[in-house]
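Visitor: A structural model of the following input is requested.
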Amino acid sequence: MATALLAMSVCPLPVYAQAMPPSPPPAQTAFDQGAASVLALLQGKAKSADIFNSAFVAAVPEAQLAQVIAGLKAQHGEAQTVVAIRPMDARSASVDIRFDRSIVTFTIGMLNGKLSGLFITGTRTEGDSLAQITADIAALPGRTGLIVQKLTDKGRETLISRNADERFAIASVFKLYVLAEIDRAVRAGERAWSDVLPLTQKSHPSGIAQDWPDNAPMTLQTLATLMISISDNSATDTLIAAIGQQRLAAIVRASGHASPQDMTPVLSTQQVTGLKMPANAALRDRFLAADDIEQTRLLQEAGETLRLNKLDLSVYTGGPNQIDTIEWFASPADIARLLAMLERDGDPVTRAILKVNPGIPPVSAGRWAYLGYKGGSEPGIMGMSFVAETKQGERYVVSALVNNREAEIDQPGFITLMTRLLDQLAGPTAPATRP
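Guide: Predicted coordinates for the structure are as follows:
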């Protein structure tokens, strides 16, 4: 059992100057031993088969585990010591381990005295600050933009602003605009979350709906949840087709986008991919030279040319492709205004949809009373945007974007930076327990 006492202690025995019998050392729980075993594994002093149960060993090959450990060392340095153990229930605990450059949080599972699970659930840097994180984001290759605003009764108070009004490619963060129009229509009584739409616009992954039956009946809430939580492109394109360009253009303007022409017409994921293809270079040139009305007409005339069965997905395998021309565009400040609008006016279902996938590791996400998120990425683009409420009732919107025309984005590194930022905004952590 996870609560069974073990005979040995990871704490050194105290040294006494007086000739009296020492007090017995504190009993060591299975979680203490589990944490020590994880540290030994990270330091190369233990093998998987020695510390994990047979089910874990069978499910996670030694080579896979070694690759994960190598990645941790590359990002954080060498593992040094266990600094905190927080039991979660009878069989699991949260464990903090200090590395050279940061503290990494793991969730461990214990069963019959052996580790039954190991998950990386967060990282943080001691002595961190919003200023340091902002500097680290600014140092990323390519162009970076960031805004952090506190939502108050008097409006939005800007805490951090870096290139906040500059135009960036935003990848799937654009799906927030689609959600905002659904939200508006539901609140206006024009639609209901229970409305059923057939799955008519299958696109390429990300997502899962592309593998579902053609015309599968799906509720508006299901489509919206897929679009936001796993960035499902087929759900997104089905919603765009059902909403129509007039309504989408109106919500872009209503959100306060500083250059709504950069977002209209709101392209489907299939259309973006198709227009990036070398085979469609002539169509792309005509599209880029046209105004909004003519662009809409060109997309309608292209028809099947920009549908899934004609798409060449290799346009995403050779690095950044047309990210300054064929994309969805907004500034960090535009996204912040959109999130603030949803936080102020949004339907409760919209709020629930946004929190399905918090975007950062569970330990850090769990420090918030509410954390809504939408991200987006493709070669050369990454964005992460949040609307959040602390357990003390303070509310924030955060939008960070990075564009690099020359190279892929270090996505794990960017997630780490945003996790550090959210940790700073959330405030002090709970007191650590043993050791």
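Visitor: contacting residues for the most centrally placed residue in the chain?
Guide: Geometric centre of the chain, nearest residue: G359, 2.5 Å, by Cα atoms, centre = their mean. Going by Cβ atoms under 8 Å, 6 or more residues apart in numbering, G359 touches A365, L371, Y373, K374, G375, M384, F386, I415, M418. No exception for glycine: its C-beta is placed from N, CA and C like everyone else's.
Visitor: Which of those sits closest to G346?
Guide: K374 (13.0 Å; Cβ to Cβ).
Visitor: The closest one sits in which helix or strand?
Guide: strand 368-378 (DSSP states H and E).
Visitor: how about stretch 322-329: buried residues?
Guide: Residues Q322, I323, I326, E327, W328, F329 are the ones in stretch 322-329 that count as buried (16 or more other Cβ atoms under 10 Å).
Visitor: name the helices or strands packed onto the strand holding K374?
Guide: Counting by 3 or more Cβ pairs under 8 Å, 6 or more residues apart in numbering; DSSP states H and E, the packing neighbours recorded for strand 368-378 are helix 175-187, helix 332-345, helix 348-354, strand 381-390, helix 411-426.
Visitor: try it again with 6 Å
Guide: strand 381-390 (3 or more Cβ pairs under 6 Å, 6 or more residues apart in numbering; DSSP states H and E).
Visitor: model confidence over the strand or helix carrying A70, on average?
Guide: According to DSSP H and E, A70 maps onto helix 62-76. Averaged across helix 62-76, pLDDT comes to 87.
Visitor: which element follows that helix toward the C-terminus?
Guide: strand 79-89.
Visitor: Compute the inter-axis angle for the very next helix or strand once past that next one and strand 79-89.
Guide: Counting by DSSP H and E, the element after strand 79-89 in chain order, helix or strand, is strand 92-99. Relative orientation of strand 92-99 versus strand 79-89 (axes from the mean of the first three to the mean of the last three Cα atoms, to 10 degrees): 160 degrees.
Visitor: how far is strand 92-99 from where the chain is centred?
Guide: 22 Å (Cα atoms, centre = their mean, to the nearest Å).
Visitor: What is that strand packed up against?
Guide: So strand 92-99, by 3+ Cβ pairs under 6 Å, 6+ apart, packs with helix 30-42, strand 79-89, strand 103-111.
Visitor: so which of these gets nearest T264?
Guide: Closest to T264 of these is strand 103-111 (Cβ to Cβ; 42.9 Å).
Visitor: The closest one versus strand 92-99: what angle between them?
Guide: In this structure, strand 103-111 runs at an angle of 140 degrees to strand 92-99, with the same axes, to 10 degrees as the basis.
Visitor: Neighbouring strands - and their directions - for strand 103-111?
Guide: strand 92-99 (antiparallel), strand 114-124 (antiparallel) (DSSP bridges).
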